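1. With the input below, show me the fold.
(one chain, ligands or ions: 2)
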Amino acid sequence: MPAVNADFIDTDKDKQALRQALRGTIRRQVRQARQALSPLQQQQNAAALVEQSNLITELTTAQHIALYLSNDGELDTAPFLVHLQKLGKTLYLPVLHPFCAGYLLFQRYDANTVMTVNKFGIAEPKPDVSAIILPAQLDIIFMPLVAFDDQGRRLGMGGGFYDRTLASLPQGCNKPLLVGLAHQCQQVDMVPAEPWDVPLPRVLTPYKLWSFR
Ligand SMILES: Nc1nc2c(c(=O)[nH]1)N(C=O)[C@@H](CNc1ccc(C(=O)N[C@@H](CCC(=O)O)C(=O)O)cc1)CN2
Ligand SMILES: Nc1ncnc2c1ncn2[C@@H]1O[C@H](COP(=O)(O)OP(=O)(O)OP(=O)(O)O)[C@@H](O)[C@H]1O
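-> Ligands and ions are numbered 1, 2, ... in the order given. Take a look at the predicted model:
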């Protein structure tokens, strides 16, 4: 991260602009780092994630679980998805909201789900009203992220999709439990926080379960 002398920055607008610039820099660097992982590292990390997921005690009783399909060097969630299916969990995937720009819907995913590709090139279920679940009805939401820090601050791809969609959830209660998934190389010293950022109580990496607060 570049060293910045913030003493001369005196307006909220300047501070906001500086935070945005830092967030952009972190996003670029960490995305590059995770894209540079070899196929073997990706495969090992994906397998290790399945093992580590046993550390999430809430998983035992959780039934309705949101996951996502990986993209851009993200930790490959495919083996974890199959594992959760074998455990008999009901799975949901994020879908870009067809009418409310910037929001996500969570839609049930099973062997019969018709898939499509969204504008970012990510596979997602074809919108189907009968398969939608409200975020508050989910037991666990496994979330993608670009970077996280030791306070559980999360930096995403920059669309604000998860922050917007989860903004109306009651804070501080553990339902749904939000768990970020990441490679260890996605941990940074500090994510410059914005007021709308939804903090993560947990981050699961292939080698550690982080708990915050
Ligand atoms: N796997 C996965 N699915 C997800 C997310 C995610 O972070 N990971 N999202 C989490 O919110 C939502 C999609 N958010 C995204 C936001 C930006 C870009 C992206 O690639 N942006 C390009 C430029 C944008 C464009 O092409 O129009 C870029 O920055 O290079 C991708 C996904 C929903 N689904
Ligand atoms: N709750 C919200 N209400 C309105 N706008 C929001 C909200 N959350 C985020 N935004 C807007 O979304 C934009 C992107 O936010 P941010 O940089 O935090 O995205 P991100 O966390 O990186 O992305 P994502 O959640 O999609 O992974 C910001 O310009 C912000 O103003």
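2. Around ligand 2, which positions in the protein sit nearby?
-> 23, 155-164, 167, 194, 196-197 (Cβ under 6 Å from any ligand atom). In short, each C-beta sits where N, CA and C put it, glycine included.
3. which of the residues you listed sit farthest apart?
-> Maximum pairwise distance in those, criterion Cβ to Cβ, is 18.1 Å, between 23 and 167.
4. Mind checking which of these two has more residues around it?
-> Under the criterion of other Cβ atoms under 10 Å, the comparison of residue 23 against residue 167 puts residue 23 first, with 20 against 13.
5. about what we covered before: tell me which of the residues of the chain next to ligand 2 fall in helices.
-> Using DSSP state H, 23, 161, 162, 163, 164 are the members of the residues of the chain next to ligand 2 that sit in helices.
6. and the second one, how many neighbours does it have?
-> What that stands for is residue 161. By other Cβ under 10 Å, 19 other residues sit near residue 161.
7. How about it: what's its closest non-neighbour residue?
-> residue 104 (5.0 Å; Cβ to Cβ, 6 or more residues apart in numbering).
8. Quick one: residues contacting residue 94.
-> 66, 68, 104, 105, 106, 107, 124, 161, 162 (Cβ atoms under 8 Å, 6 or more residues apart in numbering).
9. what do you get if the cut-off is 6 Å, keeping everything else the same?
-> 68, 104 (Cβ atoms under 6 Å, 6 or more residues apart in numbering).
10. helix or strand for it, which one?
-> For residue 94, the host element (DSSP states H and E) is strand 90-96.
11. for ligand 1, what are the nearby residues on the protein?
-> 68-71, 74, 94, 104, 120, 122, 144, 156-159, 161-162.
12. Mark which of those are part of strands, please.
-> 94, 104 (DSSP state E).
13. where does the closest residue to residue 98 other than its chain neighbours land on pLDDT?
-> The spatially closest residue to residue 98, leaving aside those adjacent along the chain, is residue 127, at 5.2 Å (Cβ to Cβ, 6+ apart). You'll see residue 127 listed with a pLDDT of 94.
14. what does residue 159 give?
-> For residue 159, the predicted pLDDT is 97.
15. count of neighbours near the residue nearest to it when sequence neighbours are not counted?
-> Closest residue to residue 159 apart from its sequence neighbours, by Cβ to Cβ, 6+ apart: residue 102 at 6.8 Å. Neighbouring residues of residue 102 were enumerated by other Cβ under 10 Å; the total is 12.
16. What is the least confident helix or strand in the protein?
-> In the chain, no helix or strand scores lower on mean pLDDT, DSSP states H and E than helix 12-35, which sits at a mean of 94.
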